[in-house]
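**Student:** task: produce atomic coordinates for the following.
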Amino acid sequence: MHESRLAAQQRAMDRAFGVDLLDHARSVHALTAHATSVRSGSSSTALDPAASVRGAAVPKPRPLAPLGAPPSAVQASASPTAPRRTTAAVTEAIGIGGSGRRLELQGERQALLEALRERHASECPHCTRASGHTNLVFGEGSANAELVFVGEAPGETEDQTGRPFVGKAGQKLDEMIAAMKLRREQVYIANVLKSRPPNNRTPLQSEVDGCGPYLIEQLCILRPRVIVTLGGPATRLLLATEVGITRLRGAWGTWTAAAWTGLDLQVPVMPTYHPAYLLRNYTAQTRGEVWADLQAVMARLAG
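**Tutor:** Presented below is the predicted three-dimensional model:
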């Protein structure tokens, strides 16, 4: 049985990363030591969102109204002068299931995601002013996903199709998901930006400030058990840190829902390299590091 499982792991790693399982096993100790040093070293405070939140004001999208609720429910929850409400009441106001009720039905979550998609398309302070893109790329996957992957922005193929991660980097992400014994339709995939930056450049901070809050609302609707951030921009937004991805990858962080959501929500975050970076640096070391990160996620989901 052990040999069979080992062989299955070997085949999965070969398909996704081309990593030799024994070589990877010999490197686990070093990778673990790296993750421990990040958690206990000078960068550990950067993993605490409260310790590194940027001071710049960030525009916040309006909360989602619960299905069938009057507009006054939104206005009351969004007003800065409104009296403080209980978490359950605010949760109900932004449409994520209040009064002790969680959104367990996929159709219910999906309806909220579709409402958010439409609102983002009509009012996002970044995407409604951006030019040069063909389609908005909101995100896709299971509305009941336990695992969410977050990248930085759509690329050329994504811009043409309106779907996230469908180019070469997306094909590699599909292989990574398959190596985890999951299917793409079982997870949820999104980006910080919903429109392609010119020439696929790295998102600007002003763009993240404008579009990022809609990603936060997506996560509040989904409430996954684990988030995997792919690359630096997604990691910086969700962990509120300026520490580079090479130092953060492999070490668990925590995303805490912003106060404006009204939710007491925390989700474990595993930062790892973006699949595009993996393709550009297709070495045994980077493949082994990404696989180690995904194994940690698998262990967390199995727990």
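
**Student:** the stretch 101-250 of the chain: strands as residue ranges?
**Tutor:** 140-141, 147-151, 188-191, 226-230 (DSSP state E, counting those that start in this stretch).

**Student:** so which of those strands gets nearest T161?
**Tutor:** strand 140-141 (10.4 Å; C-beta to C-beta). In short, each C-beta sits where N, CA and C put it, glycine included.

**Student:** show me the shaky parts of this structure.
**Tutor:** Flagging of the chain using pLDDT under 70 yields the residue ranges 1-106.

**Student:** and E114, which of the strands of the stretch 101-250 of the chain is closest to it?
**Tutor:** strand 140-141 (11.6 Å).

**Student:** and that closest one, what does it pack against?
**Tutor:** Judged by 3 or more C-beta pairs under 8 Å, 6 or more residues apart in numbering; DSSP states H and E, strand 140-141 is in contact with strand 188-191.

**Student:** quick one: list the elements packing against the strand it packs on.
**Tutor:** Short answer (3+ C-beta pairs under 8 Å, 6+ apart): strand 188-191 packs on strand 140-141, strand 147-151, helix 205-222.

**Student:** any residues touching it, and which ones?
**Tutor:** Strand 188-191 has contacts (C-beta atoms under 8 Å, 6 or more residues apart in numbering) with 137-143, 145, 147-154, 164-165, 173, 215, 218, 222, 224, 234.

**Student:** just the buried residues of the residues you listed.
**Tutor:** 137-143, 145, 147-154, 164-165, 173, 215, 218, 222, 224, 234 (16 or more other C-beta atoms under 10 Å).

**Student:** can I get the strands of the stretch 101-250 of the chain in a markdown table with distance to L278?
**Tutor:** Compiled in a markdown table, those are given as follows (distance: least, C-beta to C-beta, whole Å):
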| stretch | distance to L278 |
| --- | --- |
| strand 140-141 | 20 |
| strand 147-151 | 12 |
| strand 188-191 | 16 |
| strand 226-230 | 9 |
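
**Student:** and those strands: which comes nearest G132?
**Tutor:** Smallest distance to G132 across the strands of the stretch 101-250 of the chain (C-beta to C-beta): 16.3 Å, for strand 188-191.

**Student:** pairing partners for the closest one, with directions?
**Tutor:** The strands beside strand 188-191 in its sheet (DSSP bridges) come out as strand 140-141 (antiparallel), strand 147-151 (parallel).

**Student:** and of those, who's closest to H126?
**Tutor:** Using C-beta to C-beta, the nearest of those to H126 is strand 147-151, at 16.1 Å.

**Student:** and the closest one with strand 226-230, angle?
**Tutor:** Between strand 147-151 and strand 226-230, the angle formed by their directions is 20 degrees, by axes from the mean of the first three to the mean of the last three C-alpha atoms, to 10 degrees.

**Student:** find the nearest non-adjacent residue to N281, please.
**Tutor:** Sequence neighbours aside, Y273 is the residue nearest to N281 in space, at 7.9 Å (criterion: C-beta to C-beta, 6 or more residues apart in numbering).

**Student:** gap between the one you found and S122?
**Tutor:** According to C-beta to C-beta, to the nearest Å, Y273 stands 34 Å off from S122.

**Student:** and A178, by the same measure?
**Tutor:** When A178 is compared with S122 (using C-beta to C-beta), they lie 36 Å apart.

**Student:** want to throw the helices and strands packed on strand 188-191 into CSV with distance to G253?
**Tutor:** What follows is those, written out as CSV (distance: least, C-beta to C-beta, whole Å):
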stretch, distance to G253
strand 140-141, 22
strand 147-151, 12
helix 205-222, 14
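
**Student:** select, out of these, the one closest to R196.
**Tutor:** Among the helices and strands packed on strand 188-191, helix 205-222 comes nearest to R196, with 10.9 Å by C-beta to C-beta.

**Student:** thinking again about what came up before, of Y273 and S122, who's got more company?
**Tutor:** Higher neighbour count among Y273 and S122: Y273, with 22 against 9, using other C-beta atoms under 10 Å.

**Student:** quick check: that one vs K172, distance?
**Tutor:** Going from Y273 to K172 by C-beta to C-beta gives 10 Å.

**Student:** go on, A257?
**Tutor:** Counting by C-beta to C-beta, the gap from A257 to K172 is 30 Å.

**Student:** next one: Q218
**Tutor:** Separation of Q218 from K172 (C-beta to C-beta) stands at 23 Å.
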